[in-house]
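Chemist: structure here, sequence nowhere to be found:
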């Protein structure tokens, strides 16, 4: 079987709250680390989320 092009990644909050989102990305087209601005319910505001590994 062929290797899948989409991989699961974990988006960790930069606010230091420990909150994270799990999402998918295309590993072939998006080779750099993903950074998104999303809502952190612990900090109760929008912060940057940076890509990390799923353990």
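Modeler: Sure thing, it's come through. Values in this document were obtained by computation on a predicted structure and should not be read as measured data.
Chemist: when you work out contacts or count neighbours from here on, use the C-alpha atoms and nothing else.
Modeler: Noted.
Chemist: could you list the low-pLDDT ranges of this protein?
Modeler: Along the chain, segments meeting pLDDT under 70 are nowhere present.
Chemist: mind listing the strands for it?
Modeler: Here the chain has its strands, by DSSP state E, at 6-13, 20-26, 35-40, 45-52.
Chemist: what's the most buried one of those?
Modeler: Most buried of those, by mean neighbour count (mean count of other C-alpha atoms under 10 Å): strand 6-13, with a mean of 18.
Chemist: what sits up against that strand?
Modeler: Identification of contacts with strand 6-13 by C-alpha atoms under 8 Å, 6 or more residues apart in numbering yields 18-27, 35, 40, 47-54.
Chemist: 6 Å instead, please
Modeler: Here strand 6-13 makes contact (C-alpha atoms under 6 Å, 6 or more residues apart in numbering) with 19-27, 49-54.
Chemist: equivalent analysis for stretch 36-48, please.
Modeler: Stretch 36-48 is contacted from outside by 14, 49, using C-alpha under 6 Å, 6+ apart.
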